[in-house]
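Colleague: sequence first, predicted coordinates after that:
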Amino acid sequence: MRNDNVLVGCAVIYQRVKGKEPQWFIVKSSEEGDWELPKTIVRRGESSVRSVIRLTQEQASMRTKILEEVGRASGAARVNGKAVNQKYLYYLMHCKDTGEIMAFTEFKWVDHKAAMKAVPLKRDQNMLKDAKQMLKTIDVKRERREEDEEEAVVAE
């Protein structure tokens, strides 16, 4: 915690469910805690990208892919009675598959509207909103690429 700053990696994870809109992963870290997006402290010598990959692999048994950085935020917390600044880096992640999830007190997959209602932190809500918009943009680009590839095959 050099300079009383803590870097936090945050995972905005979605999965595709056939016939449904994308489902978003939210967790409770403690029984008294609120629903939130999964977060982890970035270890010394570790990148924020690597920290969220570690989080999803070790704590959630997920195979994920980072698509983009959603955004950044900052805040403050008390650790051992001492004020520390926290910098949050949020990443949009696609969950390809998952095993047994044991590291969180509670977790659930919910649609975007339910996630927005369940998560009280404004910064998490903002990142969920931005992630949904990013996902729409990614989907449009993918559809255009697929159409272009189909047209190229037909033209040959």
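Modeller: Received it, and whenever you're ready, just let me know what you need. The structure presented is a predicted model; accordingly, all values stated were derived computationally and were not measured.
Colleague: ranges for the helices of the protein?
Modeller: Per DSSP state H, the chain carries helices over the ranges 48-54, 112-118, 122-155.
Colleague: of those helices, flag the one that's most buried.
Modeller: Neighbour counts (mean count of other C-beta atoms under 10 Å) averaged over each of the helices of the chain peak at helix 48-54, with a mean of 19. Just so you know, the C-beta spots here come from the backbone N, C-alpha and C atoms, and that holds for glycine as well.
Colleague: quick one: distance of it to the chain centre.
Modeller: Remark: helix 48-54 is offset 11 Å from the chain centroid, using C-alpha atoms, centre = their mean, to the nearest Å.
Colleague: for that helix, packing partners?
Modeller: Identification of packing neighbours for helix 48-54 by 3 or more C-beta pairs under 8 Å, 6 or more residues apart in numbering; DSSP states H and E yields strand 5-15, strand 39-41, strand 62-79, strand 82-98.
Colleague: list of residues touching that helix?
Modeller: With C-beta atoms under 8 Å, 6 or more residues apart in numbering as the test, helix 48-54 has contacts from 7, 9-11, 40-43, 46, 64, 66, 89, 91, 93.
Colleague: okay but residue 61 is in contact with residue 96, surely?
Modeller: No. Using C-beta atoms under 8 Å as the test, residue 61 is too far from residue 96 to be in contact (12.0 Å).
Colleague: settle it for me: which of these two has more neighbours?
Modeller: Between residue 61 and residue 96, residue 61 has the larger neighbour count (other C-beta atoms under 10 Å), namely 14 against 11.
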